[in-house]
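Novice: Sequence first, then the predicted structure, then my questions.
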Amino acid sequence: MSRKLYIKTFGCQMNEYDSARMADALVDEYGFEMVSLPDDADVILVNTCSVREKAQEKLFSQLGRWRPWKAERPGRVLGVGGCVASQEGAAIRERAPYVDLVFGPQTLHRLPAMLGEHLRDRRPVIDISFPEIEKFDCLPPPRAEGPSAFVSVMEGCSKYCTFCVVPYTRGEEVSRPFDSVLEEVRQLAAQGVREVTLLGQNVNAYRGTMEDGTEADLALLCHYVAAVPGIDRIRYTTSHPVEFSDSLVRAYAELPALADHVHLPVQSGADRVLARMKRGHTVLEYRALIRRLRALRPDLSLSSDFIVGFPGETDAEFQATMDLIEDMRFDHAFSFIYSARPGTPAAALPDDVPFEAKEERLQRLQTRINEFTVDFNRAMVGTRQRVLVERISRKSELEVSGRASNNRIVVFPGDERMLGRFVDVRITEAGVGSLRGEFMGVIEAGSRVSAANWR
């Protein structure tokens, strides 16, 4: 009887990718069966994120809920990976001595060996070292789960924004070799993947070594990925304004496969706050970059990240953020109240913005961006969108769900024959979270099969 594995993932798309590769490695080595409920598992792994507030406390709270699971059958295995593991290391076992494995983002490829060592010796195993990029050379071939997939192209970040723990938990920027990325994309395309999202903490800082020893930037990588047979759409995240090169801007004119959506964190609309955050760019530079992109893609969807109540942020500086939102008309955002992350430079600054003021500012910001979301969605009604069908709708077996180029979820009547295909959909209704549409036809290899002929 095969062992059963459950993985719980906190945090970003990089963590989702890492969790998938952890599963690949253990399934490949031990033949694990993935389960959806922790109580059914023989091994539980939690992949952690330390970016948000109280990440450590949330981890230990979760571990406490699993303690009876471990006590019931001591032979079960409980492991902690990800950024909190990297940050806390052996201290995790000091607070939760029933944890068996502790591993960082850079050592997840060693997980099968770590598990084997633990099962053999019944001793805890900890590895939170920072080998450069070897994990991509040691993981098994990727397994596609649907028509879209993540592909990690680099690790770490060297920007050292004063509020951010990523450089300390994932290390400095290290780019994956160019040919290694393309090989993974080819393997995914052969399994039916039609859309890839290129991942990195600072993905547009990608500088991958090519076979001739030269370096490829993200724009060149996108050109090559678009040339892989079967790949028809490319996304990437998360990018940084400082690294948004002219070649990447030009790619929006040269590469139809690049999605009509950019996620570009700005964090604040005030130069003094950006300087204290050590972001490395001004508001004017950010505005100019977005205008260049929209000149090439007028219908571009723009999302961003915002931190409100950063130490020293005045009412006027917060209003500058609201002014930037008004001008740029972000149609989606991840926004958070500032909280100090242990070990970061900003943690030494006086947290002098009253919590009530932070809450009020966050509410104002989120309300305005939600209004822009609704406006953006309503403007799509009556338009025709190229949608990649990803799954049967969760609410009805008679409907399917897919994603438009601008990252909007679209639900419409359909069946399993449409899964993994690009289809032509006319938008009929706009909600806040998703859109509804009418199936107009299937788009394949540049040709279109009408709805009437399809049926």
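Specialist: That came through, no problem.
Novice: need the contact list for Cys222.
Specialist: Listed by C-beta atoms under 8 Å, 6 or more residues apart in numbering, the contact set of Cys222 reads Leu198, Ile234, Tyr236, Leu248, Ala251, Leu255, Ala257, Leu258. Bear in mind the C-beta positions are built from the backbone N, C-alpha and C, glycine included.
Novice: From Val203, how far out is it?
Specialist: Taking C-beta to C-beta, to the nearest Å as the measure, Cys222 falls 11 Å from Val203.
Novice: Residue ranges in the stretch 51-200 of the chain under the pLDDT threshold?
Specialist: Within the stretch 51-200 of the chain, the segments meeting pLDDT under 70 span 52-53, 131-138.
Novice: Would you state the helices of it in chain order?
Specialist: 55-72, 83-88, 91-95, 111-121, 135-138, 166-169, 178-190 (DSSP state H, counting those that start in this stretch).
Novice: would JSON lines of those helices with mean neighbour count and distance to Glu429 be doable?
Specialist: Output for the helices of the stretch 51-200 of the chain, formatted as JSON lines (neighbours: other C-beta atoms under 10 Å; distance: least, C-beta to C-beta, whole Å):
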{"stretch": "helix 55-72", "mean neighbour count": "15", "distance to Glu429": "37"}
{"stretch": "helix 83-88", "mean neighbour count": "25", "distance to Glu429": "39"}
{"stretch": "helix 91-95", "mean neighbour count": "15", "distance to Glu429": "47"}
{"stretch": "helix 111-121", "mean neighbour count": "17", "distance to Glu429": "45"}
{"stretch": "helix 135-138", "mean neighbour count": "15", "distance to Glu429": "43"}
{"stretch": "helix 166-169", "mean neighbour count": "22", "distance to Glu429": "39"}
{"stretch": "helix 178-190", "mean neighbour count": "19", "distance to Glu429": "33"}
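Novice: JSON lines please, covering those helices and showing distance to Thr214.
Specialist: Output for those, formatted as JSON lines (distance: least, C-beta to C-beta, whole Å):
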{"stretch": "helix 55-72", "distance to Thr214": "39"}
{"stretch": "helix 83-88", "distance to Thr214": "32"}
{"stretch": "helix 91-95", "distance to Thr214": "42"}
{"stretch": "helix 111-121", "distance to Thr214": "34"}
{"stretch": "helix 135-138", "distance to Thr214": "20"}
{"stretch": "helix 166-169", "distance to Thr214": "27"}
{"stretch": "helix 178-190", "distance to Thr214": "9"}
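Novice: Run through the strands of the stretch 101-250 of the chain in chain order.
Specialist: Taking DSSP state E, counting those that start in this stretch as the test, the strands found in the stretch 101-250 of the chain are 101-103, 125-127, 148-152, 154-155, 174-175, 195-199, 208-209, 215-216, 233-237.
Novice: Can I get those in JSON lines including distance to Val80?
Specialist: Listed next are these as JSON lines, based on distance: least, C-beta to C-beta, whole Å:
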{"stretch": "strand 101-103", "distance to Val80": "5"}
{"stretch": "strand 125-127", "distance to Val80": "10"}
{"stretch": "strand 148-152", "distance to Val80": "20"}
{"stretch": "strand 154-155", "distance to Val80": "19"}
{"stretch": "strand 174-175", "distance to Val80": "23"}
{"stretch": "strand 195-199", "distance to Val80": "22"}
{"stretch": "strand 208-209", "distance to Val80": "30"}
{"stretch": "strand 215-216", "distance to Val80": "35"}
{"stretch": "strand 233-237", "distance to Val80": "25"}
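Novice: who wins for proximity to Asp331 among those?
Specialist: In terms of C-beta to C-beta, the element of the strands of the stretch 101-250 of the chain nearest to Asp331 is strand 233-237, at 15.6 Å.
Novice: For the closest one, what does the pLDDT average out to?
Specialist: Strand 233-237 shows a mean pLDDT of 97.
Novice: In it, which residues are buried?
Specialist: Within strand 233-237, the residues scored as buried using 16 or more other C-beta atoms under 10 Å are Arg233, Ile234, Arg235, Tyr236, Thr237.
Novice: Could you single out the nearest of the residues you listed to Pro177?
Specialist: Closest to Pro177 out of the buried residues of strand 233-237 is Tyr236 (17.5 Å), distances taken as C-beta to C-beta.
Novice: ok, the nearest residue in space to that closest one that is not next to it in sequence - contacts?
Specialist: Nearest residue to Tyr236 in three dimensions, chain neighbours excluded: Leu198, at 4.1 Å (C-beta to C-beta, 6 or more residues apart in numbering). Contacts for Leu198 (C-beta under 8 Å, 6+ apart) come out as Val151, Val153, Val181, Tyr206, Leu218, Leu221, Cys222, Val225, Ile234, Arg235, Tyr236, Thr237.
Novice: Name the SS class of Gln319, please.
Specialist: helix (DSSP: H, G, I helix; E, B strand; the rest coil).
Novice: That one: neighbour count?
Specialist: Gln319 has 14 neighbours, counted by other C-beta atoms under 10 Å.
Novice: before we move on, the earlier item: can you tell me which two in the buried residues of strand 233-237 are farthest apart?
Specialist: Across the buried residues of strand 233-237, the longest distance by C-beta to C-beta is 13.8 Å; it joins Arg233 and Thr237.
Novice: right, and the strands of the stretch 101-250 of the chain - which one's nearest Val283?
Specialist: strand 233-237 (21.8 Å).
Novice: Show me what that closest one is packed against.
Specialist: Applying 3 or more C-beta pairs under 8 Å, 6 or more residues apart in numbering; DSSP states H and E, we find strand 233-237 packed against strand 195-199, helix 218-226.
Novice: Can you show me the CA trace of that strand as PDB?
Specialist: What follows is strand 233-237 as a C-alpha-only set of coordinates in PDB (Å, rounded to 0.1, in the frame of the first residue of the first chain):
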ATOM      1  CA  ARG A 233       0.400  32.400 -24.000                       C
ATOM      2  CA  ILE A 234       3.100  33.700 -21.500                       C
ATOM      3  CA  ARG A 235       2.800  35.400 -18.200                       C
ATOM      4  CA  TYR A 236       5.400  36.300 -15.600                       C
ATOM      5  CA  THR A 237       5.500  37.400 -12.000                       C
END
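Novice: all strands for the stretch 301-450 of the chain, in order.
Specialist: Counting by DSSP E, counting those that start in this stretch, the stretch 301-450 of the chain has strands at residues 301-308, 332-337, 384-392, 399-404, 409-413, 422-430, 435-444, 447-450.
Novice: Give me the residues contacting the fourth one.
Specialist: The one in question is strand 399-404. Strand 399-404 has contacts (C-beta under 8 Å, 6+ apart) with 148, 195, 385-394, 409-416, 418-419, 423, 425, 434-435.
Novice: Among those residues, the buried ones, what's the ChimeraX command?
Specialist: To isolate in ChimeraX the members of the contacts of strand 399-404 that are buried, counting by 16+ other C-beta under 10 Å, one can use:
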select :148,195,385,386,387,388,389,390,392,393,410,411,412,414,418,419,423,425,434,435
